[in-house]
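**Student:** Take a look and give me a structure for this.
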Amino acid sequence: MSSTVQSSFTEQPLPPWRRAVLKVGSSLLAADGGGLTPRFALGLAQFVSANVQAGREVVIVSSGAVAAGRAIVPKGAEAGAAIAARQALAALGQAQLIALWQRFFERPVAQVLLTHDDLRNRRRYLNARATLNELLALGTLPVINENDTVSVDELKLGDNDNLAAIVAALVDADALFIATDIDGLYTADPRGNPHAQPINEVTALTPEVMAMAGGSGSAVGTGGMQTKLQAAAKAGAAGIDTFLFNGRDGSVVRELAQGRLRGTRVHAGRSRIAARKYWLRHAPVEPGAILIDAGAARALREKGASLLPGGVLGAEGEFRRGDMVEVRQFDGEGGPHIARGISQYSAVDIRRISQHHTREIESILGYNYGDNVVHRDDMVVL
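**Tutor:** Numbers count the residues shown, from 1 in each chain. Sure thing, here's the model as predicted:
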């Protein structure tokens, strides 16, 4: 005898976290008659506020611009319309989307529009990360969306789930929360299979687990459980756990604000620090090296310090800002490899600021990407 699926996810405590990304899909923001509704966004905003007041940091990745634009120009484009028409709707709706989020918070909301290319290009990746970290330091709430007006391929794919995972890695988040319109991951689609069973925890994203996910579940959203598991895989590779929950269920969202999850937790394969260090150790390096003195080498090895220009003697090769490079102690004829990391400055710039104090960088170059030639978070000591 068949039975109707009930929300029978087991309540589980959230692990401690300091910084998180919250992804909110169109299905939670789009009104039935078009445009945006605060109905479910309010509870999610309260979740954000409760955690900010507790000293944590949250970045929101929010869909909904196209749905908002459709209400402004109702006959502008229908679902499946030409990409250019949907891009126009996104441009119209983006201001409405940010206004929706701003109404819930006393702190300033900062709009950040990104494409995947911004995060694949290492120099733009560094710029995006620096901007987001500065926004968090200023006490603002960054609300990120895809730059749909220029991102043709990503707009077609509807990939904000995966964008959220990439942003989580970008800002060194501890957790990725994905608010959806279903309670979590089931063994089958609960909308069509009354025997589908809830899955509280996923320890490994095997092909069998991925096969449990179906397509898009709503008329306004372009992603589905499949893209959410793909996002969880990306986040897991960076050592970040993913939490799937029903953003339409007020009790679930309230419990989440109190540190309790009723949904699916997808465990990362390794710790966040271990994942970061593994990537730094094994990512391909550009030809050339940053040459440092013995004092800087000791600071890197013994204190885990960042590399400052005062301890830099020069640079070999012609690498660019954002490239992965070797750091080598120079003794006149070469020297041992000390570390490897992402350079905040190009080889040309490093030669100009080497052996200078950080306060002199801007007067020498005419600009400043920060005090560090290589930040300790972007470096692994060999």
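**Student:** C-alpha from now on. contacts and neighbour counts both.
**Tutor:** OK.
**Student:** in this protein, which helix or strand is least confident?
**Tutor:** None of the helices or strands of the chain scores lower by mean pLDDT, DSSP states H and E than helix 152-157, at a mean of 46.
**Student:** any idea of the mean pLDDT for the next helix or strand after that one?
**Tutor:** Beyond helix 152-157 in the direction of the C-terminus, DSSP states H and E gives the next helix or strand as helix 160-170. Averaging the model's pLDDT scores along helix 160-170 yields 90.
**Student:** Pull out the CA atoms of helix 160-170 and give them to me as CSV.
**Tutor:** This file holds the C-alpha atoms of helix 160-170, laid out as CSV (Å, rounded to 0.1, in the frame of the first residue of the first chain):
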residue,chain,number,x,y,z
ASN,A,160,23.7,29.8,-9.4
ASP,A,161,24.0,26.6,-7.3
ASN,A,162,27.5,26.0,-8.7
LEU,A,163,28.3,29.7,-8.5
ALA,A,164,27.4,29.6,-4.8
ALA,A,165,29.9,26.7,-4.3
ILE,A,166,32.6,28.6,-6.1
VAL,A,167,31.9,31.7,-4.0
ALA,A,168,32.1,29.6,-0.9
ALA,A,169,35.6,28.5,-1.8
LEU,A,170,36.4,32.1,-2.9
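**Student:** For the next helix or strand after it, which strands pair with it and how are they oriented?
**Tutor:** Moving toward the C-terminus from helix 160-170, the first helix or strand encountered (DSSP H and E) is strand 175-180. Partner strands for strand 175-180, per DSSP bridges, with pairing direction: strand 19-24 (parallel), strand 241-246 (parallel).
**Student:** The most centrally placed residue in the chain - nearest residue in space that isn't next to it in sequence?
**Tutor:** Among the residues of the chain, Val167 comes closest to the average C-alpha position under CA atoms, centre = their mean, at 1.4 Å. The spatial neighbour of Val167 that comes closest, neighbours along the chain excluded (CA to CA, 6 or more residues apart in numbering), is Val21 at 7.5 Å.
**Student:** tell me the contacts of the one you found?
**Tutor:** Contacts of Val21 were listed using CA atoms under 8 Å, 6 or more residues apart in numbering, and they are Val58, Val59, Ile60, Val61, Ala164, Val167, Ala168, Ala173, Ala175, Leu176, Phe177.
**Student:** Kindly reformat those residues as JSON lines containing distance to Gln12.
**Tutor:** Formatted as JSON lines, the contacts of Val21 follow (distance: CA to CA, whole Å):
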{"residue": "Val58", "distance to Gln12": "21"}
{"residue": "Val59", "distance to Gln12": "23"}
{"residue": "Ile60", "distance to Gln12": "23"}
{"residue": "Val61", "distance to Gln12": "24"}
{"residue": "Ala164", "distance to Gln12": "23"}
{"residue": "Val167", "distance to Gln12": "25"}
{"residue": "Ala168", "distance to Gln12": "22"}
{"residue": "Ala173", "distance to Gln12": "20"}
{"residue": "Ala175", "distance to Gln12": "15"}
{"residue": "Leu176", "distance to Gln12": "16"}
{"residue": "Phe177", "distance to Gln12": "15"}
